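Novice: Everything below, folded, please.
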Amino acid sequence: MFYLDNQQLTISAMVERIHHAQQSIRPAILRGGPAAYAFSAKGIRRTWP
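Specialist: Numbering: from 1, shown residues only. You can find the predicted model right below:
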């Protein structure tokens, strides 16, 4: 599961975070799960488990 770590962002900022993290999304999925990842200003980070 992926989610934004800040719901106060504008829609364009939300899209920008997801767009910039595209290179990291596939490797995170391939690691398997279940897992939760947050889109942050620095990329994605695993938050659960």
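Novice: And the pLDDT for residue 25?
Specialist: For residue 25, the model assigns a pLDDT of 95.
Novice: Look up phi and psi at it.
Specialist: phi -70, psi -50 (degrees, to the nearest 10).
Novice: hang on, it packs against residue 2?
Specialist: Yes: using CB atoms under 8 Å, residue 25 is in contact with residue 2, at 7.1 Å. In short, each C-beta sits where N, CA and C put it, glycine included.
Novice: Residues contacting whatever helix or strand residue 44 lives in, please?
Specialist: If you go by DSSP states H and E, residue 44 is part of strand 43-48. Residues outside strand 43-48 that contact it (CB atoms under 8 Å, 6 or more residues apart in numbering): 2, 20-21, 24-25, 28, 34-38.
Novice: do that again at 7 Å, thanks
Specialist: By CB atoms under 7 Å, 6 or more residues apart in numbering, the residues outside strand 43-48 that reach it are 21, 24-25, 28, 35-38.
Novice: separation between the most centrally placed residue in the chain and residue 29?
Specialist: For the chain, the residue nearest the mean C-alpha position is residue 39 (2.9 Å; CA atoms, centre = their mean). The gap separating residue 39 from residue 29 is 14 Å, by CB to CB, to the nearest Å.
Novice: What of residue 47?
Specialist: 15 Å.
Novice: Next: residue 41.
Specialist: From residue 41 to residue 29 the distance is 21 Å (CB to CB).
Novice: again, but for residue 43
Specialist: 15 Å.
Novice: where do the helices sit along the protein?
Specialist: With helices called from DSSP state H, the chain shows them at 11-20, 22-30.
Novice: Using a markdown table, please lay out those helices together with mean neighbour count.
Specialist: Below are the helices of the chain laid out as a markdown table (neighbours: other CB atoms under 10 Å):
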| stretch | mean neighbour count |
| --- | --- |
| helix 11-20 | 12 |
| helix 22-30 | 11 |
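Novice: Return the distance of residue 48 relative to residue 11.
Specialist: For residue 48, the distance to residue 11 - CB to CB - is 25 Å.
Novice: An error on my part: the question was meant for residue 29.
Specialist: 24 Å.
Novice: Ok, residue 47 next?
Specialist: Taken as CB to CB, the span from residue 47 to residue 11 is 22 Å.
Novice: Okay then, goodbye and thanks.
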